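>>> When you get a sec, could you give me coordinates for this:
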Amino acid sequence: PSKDDVIEEEENLDEVDCNASAKQEDAKRKQLSKSKWTHRGGDILAAVHAVGAYSYAGRGAGGVAEKVACRTFCDENGLNHVVMERIQKMRLHLARLAKARLSSAEGIASKTGGILNTMPPPDRLQENLLLQAIASGLLDNVALLAPPGSITSSHPHSLRSAYLCSSATIKEPLFMDRNSVSYSRDSRRLPQWICFDSIVRKETKTGDTVANMKNVTPIDPSWLGPLAMGSRMISLGEPLPSPLPSYNVEKDAILCSVSTKFGSRGWEIPPVQVEMYGALQNPDVKKSGHFLLDDSFRWFARFLLEGKVLPELSGLAVLLNDEPSIITRKKPLKKVALIVSALSSAGVDNAGALRKHWAEVDDKFLFSNLKSWTKQEYKAEVKQIWIGAVKGNVKQWRNRRADEEAFRKQ
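Alright, predicted model coming up:
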């Protein structure tokens with residue numbers, strides 16, 4: 001061969017060596033990054049920690065000093081400096097947008113248009129809130145570790161580590177990206193429920209296609225019900241006897257748990273709590289064998305006499321001749337039937353409806369029913385407590401109506 005051919009061949013070999021060396025360096029960086037930036041909350045929270053540490057490394061010093069510090073930090077911790085620099089620029093851009101459009105909100109970004117380079121990592125509560133925020137944006141991309149035998153087709157990968165997507169439109173088994181911080185060769189250590197950002201399909205040497213999930217986040221299935229409430233991702237069934245119904249002060253409603261399914265595959269998830277009246281009256285759900293149609297009024301009567309609905313009645317229960325809990329035991333007692341019937345006829349199963357009824361219809365509502373519940377020696381005391389509660393709540397209702405009227409006229 002000529003001298004030129006030898007030189008060209010040497011250059012080609014150098015290029016091959018450089019490419020091989022670059023691939024090795026990239027693999028080392030990824031391995032270092034995975035071992036260094038791991039997190040129980042998955043890939044996104046691991047990235048959040050890396051971004052926070054990158055910001056802290058530069059400390060907003062500016063100029064050459066910040067660039068050198070950040071580049072050194074990336075080299076030592078397996079991070080891609082170019083990518084991290086772009087992320088930092090994006091964070092600053094979003095901070096400026098926050099100040100321009102959300103100036104009344106609380107936070108460093110909305111107040112200053114900048115970021116806090118010394119911000120501490122999120123604590124456990126903040127991490128859980130972040131994980132729920134991530135899950136709420138990826139409800140269409142929820143996956144469940146496939147139960148044994150649920151995938152019948154053959155596959156080049158072990159089906160013990162396969163996942164099924166909650167969307168039935170994705171029929172193929174999904175596998176966790178091996179670069180994910182949540183990945184494990186041992187399928188027993190894989191999280192059962194996850195959400196993912198995207199799917200990348202790769203062709204194997206045998207010509208088969210493998211679908212890998214990127215940016216994986218382990219999730220708690222109990223989050224799915226509240227996060228997906230009101231969407232087509234969730235299906236609510238019949239009311240459940242356990243846990244027992246409760247009164248929610250903030251929602252001013254009797255709540256009960258209902259059977260809950262998620263996704264187009266109908267996966268069972270922990271039950272959610274909904275307003276009991278609506279759950280019992282829902283025509284799309286088969287009638288519950290555990291409850292009667294008027295049970296929301298029955299439970300309201302119990303909680304009202306127990307003092308859990310109106311604070312003015314908190315001391316009432318000890319003055320009664322029976323425990324209010326007998327109302328929900330469905331014992332055939334006349335006084336139970338009368339108070340439940342009165343509430344049902346008036347459509348009162350929350351404090352707001354009770355105040356309105358007292359203010360607009362009858363301020364003596366339920367007083368006659370209360371007499372049969374009162375111990376003889378405490379009748380005067382019960383009467384005083386009850387009248388005080390009625391007057392205070394009627395006043396509260398009228399003041400609220402006056403405020404609403406004044407607001408509408410503005």
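>>> What lies in contact with stretch 149-169?
The contact list for stretch 149-169 (Cβ atoms under 8 Å, 6 or more residues apart in numbering) reads 139-146, 148, 173-176, 187, 190, 194, 204, 206, 208, 210, 213, 233, 262-265, 267. Glycine gets a C-beta too; all of them are placed from N, C-alpha and C.
>>> can we see that at 7 Å?
Contacts with stretch 149-169, where a contact means Cβ atoms under 7 Å, 6 or more residues apart in numbering, come from 140, 142-146, 173-175, 187, 190, 194, 204, 206, 208, 210, 262-265, 267.
>>> Go through those residues and flag which are in helices.
Cross-referencing these against helices under DSSP state H gives no overlap.
>>> Is there a quick ChimeraX command that grabs whichever of those residues are buried?
Buried residues among these (16 or more other Cβ atoms under 10 Å), as a ChimeraX selection:
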select :142,143,144,145,146,173,174,175,190,194,210,262,263,267
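>>> Just checking: what are the partner strands of the helix or strand hosting Ile254?
In this assignment (DSSP states H and E), Ile254 forms part of strand 253-262. Strand pairing for strand 253-262, using DSSP bridges, gives strand 234-239 (antiparallel), strand 246-248 (antiparallel), strand 267-275 (antiparallel).
>>> out of the ones you listed, nearest to Ala389?
strand 246-248 (15.9 Å; Cβ to Cβ).
>>> returning to what we had before: which ones among the contacts of stretch 149-169 lie within strands?
Taking DSSP state E, the ones among the contacts of stretch 149-169 that sit in strands are 142-145, 174-175, 194, 210, 262, 267.
>>> These: which two are farthest apart?
Val210 and Phe262 (25.6 Å).
>>> Low-confidence stretches in the protein?
Residue ranges of the chain with pLDDT under 70: 1-35, 60-61, 156, 286-288.
>>> Repeat the analysis, applying 50 as the threshold.
Scanning the chain for pLDDT under 50 picks out nothing.
>>> Tell me where it has helices.
With DSSP H as the criterion, the chain has helices spanning 3-36, 43-58, 63-77, 81-101, 108-112, 124-137, 221-228, 276-281, 295-305, 334-346, 351-360, 367-371, 379-409.
>>> quick one: the last one to helix 351-360, angle?
Right, the one you point to is helix 379-409. Inter-element angle recorded for helix 379-409 and helix 351-360: 90 degrees (by axes from the mean of the first three to the mean of the last three Cα atoms, to 10 degrees).
>>> Name the residues of helix 379-409 that come out as buried.
Using 16+ other Cβ under 10 Å as the test for burial, helix 379-409 gives 382, 385-386, 389-390, 393-394, 397.
>>> quick one, it and helix 295-305 angle?
Angle of helix 379-409 versus helix 295-305, following the same axes, to 10 degrees, is 110 degrees.
>>> thinking again about what came up before, any chance of CSV for the buried residues of helix 379-409, columns distance to Leu227?
Formatted as CSV, those follow (distance: Cβ to Cβ, whole Å):
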residue, distance to Leu227
Val382, 45
Ile385, 42
Trp386, 42
Ala389, 38
Val390, 40
Asn393, 35
Val394, 39
Trp397, 34
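>>> Kindly indicate which of those residues lies nearest Glu405.
Using Cβ to Cβ, Trp397 is the member of the buried residues of helix 379-409 that sits closest to Glu405, with 12.8 Å.
>>> I'd like to know how far the closest residue to Ser55 other than its chain neighbours sits from Ser110.
With Cβ to Cβ, 6 or more residues apart in numbering as the criterion, Ser55 has its nearest non-adjacent residue at 4.6 Å, and that residue is Asn117. As judged by Cβ to Cβ, to the nearest Å, Asn117 and Ser110 stand 17 Å apart.
>>> Please compute how far the strand holding Ile254 lies from its chain's middle.
Taking Cα atoms, centre = their mean, to the nearest Å, one finds the center of strand 253-262 at 15 Å from the center of the full chain.
>>> One more: stretch 154-173?
Using Cα atoms, centre = their mean, the distance between the centre of stretch 154-173 and that of its chain works out at 25 Å.
>>> Let me know how buried Asn42 is, in neighbour terms.
Residue 42: Gly, not Asn. Taking other Cβ atoms under 10 Å as the criterion, the count of residues near Gly42 is 23.
>>> likewise Ala100?
What Ala100 shows, counting by other Cβ under 10 Å, is a neighbour count of 10.
>>> which residues sit in contact with the nearest residue to it once chain neighbours are set aside?
Leaving aside its chain neighbours, Ala100 sits nearest to Gly113 (7.6 Å; criterion: Cβ to Cβ, 6+ apart). Counting by Cβ under 7 Å, 6+ apart, Gly113 touches 95-96, 99.
>>> Buried only: go through those residues for me.
Judged by 16+ other Cβ under 10 Å, buried ones among the contacts of Gly113: 95, 99.
>>> Make a markdown table out of the contacts of Gly113 and add distance to Ala337.
Shown next, in a markdown table, are the contacts of Gly113 (distance: Cβ to Cβ, whole Å):
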| residue | distance to Ala337 |
| --- | --- |
| Ala95 | 63 |
| Arg96 | 66 |
| Lys99 | 62 |
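>>> Let me know the closest of the contacts of Gly113 to Leu79.
Using Cβ to Cβ, Ala95 is the member of the contacts of Gly113 that sits closest to Leu79, with 21.2 Å.
>>> can you count the residues close to the closest residue to that closest one other than its chain neighbours?
Nearest non-adjacent residue to Ala95, counting by Cβ to Cβ, 6+ apart: Ala109, 4.0 Å away. Other residues lying near Ala109 total 19 when counted by other Cβ under 10 Å.
>>> repeat for Ala253
Ala253 has 22 nearby residues by other Cβ under 10 Å.
>>> from what I can see it touches Glu275, true?
Yes - because the distance of 4.6 Å satisfies Cβ atoms under 7 Å, Ala253 is recorded as touching Glu275.
>>> Looking at the ones in strands among the contacts of stretch 149-169, which is nearest Val318?
For these, the closest approach to Val318 (Cβ to Cβ) belongs to Phe262, at 44.2 Å.
>>> returning to that earlier point: tabulate the ones in strands among the contacts of stretch 149-169 (CSV), appending distance to Ser153.
What follows is those, written out as CSV (distance: Cβ to Cβ, whole Å):
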residue, distance to Ser153
Val142, 22
Ala143, 17
Leu144, 17
Leu145, 17
Leu174, 13
Phe175, 14
Ile194, 21
Val210, 13
Phe262, 24
Trp267, 20
